[in-house]
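Visitor: below is the sequence, then the predicted model.
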Amino acid sequence: MPIKKTKGGRKIRVGIIFGGRSGEHEVSLVSAESVMRALDKKKYQVIPIGITKAGEWAVDKSKIKNQKSKLLELFKKEKIKKGSWLPPEILTKVDVVFPVLHGTYGEDGTIQGLFEMINVPYVGAGVLGSAVGMDKVVQKQLCEQARLPVVKYVWFYSNVLRQLKGVRKTLRDKATLAKCSLIDIVRHIEKALGYPCFIKPANLGSSVGISRAKNRRELIAGINLAAKYDRKILVEKICPNVREIECSVLGNDKPIASLPGEVVPSGEFYDYDAKYVDGKSKTIIPAKLPSKLVRRVQNLACCVFQITDCAGMARVDFLLDNKRGKVYINEINTIPGFTSISMYPKLWQASGLSYSDLLDILINLAIQRFKEKQKLLISYKPKKKWYR
């Protein structure tokens, strides 16, 4: 269904929300710039809405009056102050919201709840899909329940670290360590997963706070690092001979998957620096895979999209055991990167869908889903009146 202007020929007002209180703040800024640059200015009136790291909202009010301004200047001059517009009031000025908020408070269902409360159409997954997509542990549990393949893992809450205070200087003292519940977890990880292993915050993206451990000391250091970003920690077994495969998904109730791509990281794994900083990581698009494996990846991507209740868009990441040809689901990202080097749009371009057309479809899917939800009943008339 093609995008049409609103009645009267007015352009569709698209609120692009970016920044946010997240470790992925900077990635969000770059993604937002790419999205705004690619949106067809003949169809859309773009309204940038920024959120600072301190949680202050900033809106380019001049854009609502069809005047020009620069994206990042929002953070300097248009912060929402007491007595000015509140976030819900800003969002009621747009026809559809396009959140480009990676990570905490943007990708985890919190801001989606705000969109639902004020009844505005928005691109991407809803509250549940966003929350599930953000939590790597819940994702894996749902995949296991659906009998989809995931690597072995262990998860726990970071409050065990409180019992480590005063013990760090005596790490070699076995008697002292035995009293610390963290060590019980470490021993369990060693027995269940072995080394090397990955340690991750359960609710963060862009590989922030992730580390690789080859021994106990590195494992404890990795747990401490992950605990700085999240109260829930995930430890995963590392697959041998692994290849990192990614697949983009598009749609609502009947999603479709792109051709898969492969990431060849510049370091030991695809961490934040390898993704965005050093510029040495490589992508192979499409991935060099047998057709049967391509279909397997695409089918799994759509399955994960559906069981996690996603909508609009998502990127599903896989681990491929190259020796045995076995595919494992790594994670789903409900607001994937939209930078110039991001896999989500590049995979669709390789599948025959341009960046601009992709944005059109995503906005259309958001409006379509919104219209369908408006048809649902929100009141019930009982047989007898029981309240006054």
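Guide: That came through, no problem.
Visitor: when you work out contacts or count neighbours from here on, use the C-alpha atoms and nothing else.
Guide: Fine.
Visitor: how about the nearest residue to Asp40 once chain neighbours are set aside, what does it touch?
Guide: Among residues not flanking Asp40 along the chain, Ser356 sits closest, at 6.9 Å (Cα to Cα, 6 or more residues apart in numbering). Ser356 sits next to 38-40 when contact means Cα atoms under 8 Å, 6 or more residues apart in numbering.
Visitor: quick one, phi/psi of Lys200?
Guide: Dihedral pair for Lys200: phi -140, psi 150, per degrees, to the nearest 10.
Visitor: check Arg315 too.
Guide: phi -120, psi 130.
Visitor: how about Ala146?
Guide: Dihedral pair for Ala146: phi -90, psi 10, per degrees, to the nearest 10.
Visitor: please tell me how far it sits from Arg315.
Guide: Computed as Cα to Cα, to the nearest Å, the Ala146 to Arg315 distance reads 19 Å.
Visitor: what about these two, which has more around it?
Guide: Arg315 (26 against 12; other Cα atoms under 10 Å).
Visitor: contacting residues for the more buried one?
Guide: Arg315 touches 246-249, 301, 332-336, 344, counting by Cα under 8 Å, 6+ apart.
Visitor: need the max-distance pair from those residues.
Guide: Farthest-apart pair in the contacts of Arg315 is Ala301 and Ile335; separation 14.9 Å (Cα to Cα).
Visitor: now tell me what touches stretch 132-140 from outside.
Guide: Contacts to stretch 132-140, defined as Cα under 8 Å, 6+ apart, come from residues 103, 107-108, 150, 155, 202-205, 234, 308, 310, 331-334.
Visitor: mind running it again at 7 Å?
Guide: For stretch 132-140, contacts defined as Cα atoms under 7 Å, 6 or more residues apart in numbering pick out 107-108, 150, 202-204, 234, 308, 331-334.
Visitor: before we move on, what about stretch 213-233?
Guide: With contacts defined as Cα under 7 Å, 6+ apart, stretch 213-233 is touched by 155-158, 195-203, 209-211.
Visitor: hang on, the earlier thing: name the nearest of the contacts of stretch 132-140 relative to Arg324.
Guide: Proximity of these to Arg324 was ranked by Cα to Cα; the top entry is Val150 with 14.9 Å.
Visitor: now the terminal residues of stretch 45-60, how far apart.
Guide: 12 Å.
Visitor: and that stretch, which residues are buried?
Guide: By neighbour count on 16 or more other Cα atoms under 10 Å, the buried set for stretch 45-60 is 45-52, 56-60.
Visitor: ok, stretch 246-265 next?
Guide: Using 16+ other Cα under 10 Å as the test for burial, stretch 246-265 gives 246-252, 255-265.
Visitor: in strands only, show me the residues you listed.
Guide: Among these, the ones falling in strands (DSSP state E) are 246-251, 256-257, 261-264.
Visitor: now, the most widely separated pair of these?
Guide: With Cα to Cα as the measure, no two of these lie farther apart than Gly251 and Val264, at 27.7 Å.
Visitor: Thr104 versus Glu236, what's the distance?
Guide: 21 Å.
Visitor: residues contacting the nearest residue to Thr104 once chain neighbours are set aside?
Guide: When the adjacent residues along the chain are set aside, Thr104 lies closest to Ser22, with 5.2 Å between them (Cα to Cα, 6+ apart). The contact partners of Ser22, by Cα under 7 Å, 6+ apart, come to 53, 103-104.
Visitor: for Tyr122, state which of the contacts of Arg315 is nearest.
Guide: Nearest to Tyr122 among the contacts of Arg315 is Ile335, at 12.1 Å by Cα to Cα.
Visitor: now do the contacts for that closest one.
Guide: Counted by Cα under 7 Å, 6+ apart, Ile335 has contacts 100, 102, 107, 314.
Visitor: and the last one, that's in a helix?
Guide: No: per DSSP: H, G, I helix; E, B strand; the rest coil, Ala314 lies outside any helix segment and is strand.
Visitor: hang on, it packs against Gly251?
Guide: No: look at Ala314 against Gly251 with Cα atoms under 7 Å: they stay out of range, at 9.1 Å.
Visitor: tally of neighbours for Ile111?
Guide: Applying other Cα under 10 Å, we find 18 residues neighbouring Ile111.
Visitor: for the longest helix along the chain, output the C-alpha coordinates as PDB.
Guide: If you go by DSSP state H, the chain has its longest helix at helix 355-374. Presented in PDB, the C-alpha positions along helix 355-374 are these (Å, rounded to 0.1, in the frame of the first residue of the first chain):
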ATOM      1  CA  TYR A 355      16.400   2.600   2.000                       C
ATOM      2  CA  SER A 356      13.700   5.200   1.100                       C
ATOM      3  CA  ASP A 357      11.200   2.500   0.200                       C
ATOM      4  CA  LEU A 358      12.000   0.600   3.400                       C
ATOM      5  CA  LEU A 359      11.100   3.700   5.400                       C
ATOM      6  CA  ASP A 360       7.900   4.100   3.500                       C
ATOM      7  CA  ILE A 361       6.800   0.500   4.300                       C
ATOM      8  CA  LEU A 362       7.700   0.900   8.000                       C
ATOM      9  CA  ILE A 363       5.600   4.000   8.300                       C
ATOM     10  CA  ASN A 364       2.800   2.400   6.400                       C
ATOM     11  CA  LEU A 365       2.900  -0.700   8.700                       C
ATOM     12  CA  ALA A 366       2.700   1.500  11.700                       C
ATOM     13  CA  ILE A 367      -0.400   3.400  10.400                       C
ATOM     14  CA  GLN A 368      -2.000   0.100   9.300                       C
ATOM     15  CA  ARG A 369      -1.500  -1.500  12.700                       C
ATOM     16  CA  PHE A 370      -2.800   1.600  14.400                       C
ATOM     17  CA  LYS A 371      -6.000   1.600  12.300                       C
ATOM     18  CA  GLU A 372      -6.600  -2.100  13.100                       C
ATOM     19  CA  LYS A 373      -6.200  -1.400  16.800                       C
ATOM     20  CA  GLN A 374      -8.700   1.400  16.600                       C
END
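Visitor: pull out the buried residues from that helix.
Guide: Buried residues in helix 355-374, counted by 16+ other Cα under 10 Å: 355, 357-367, 369-370.
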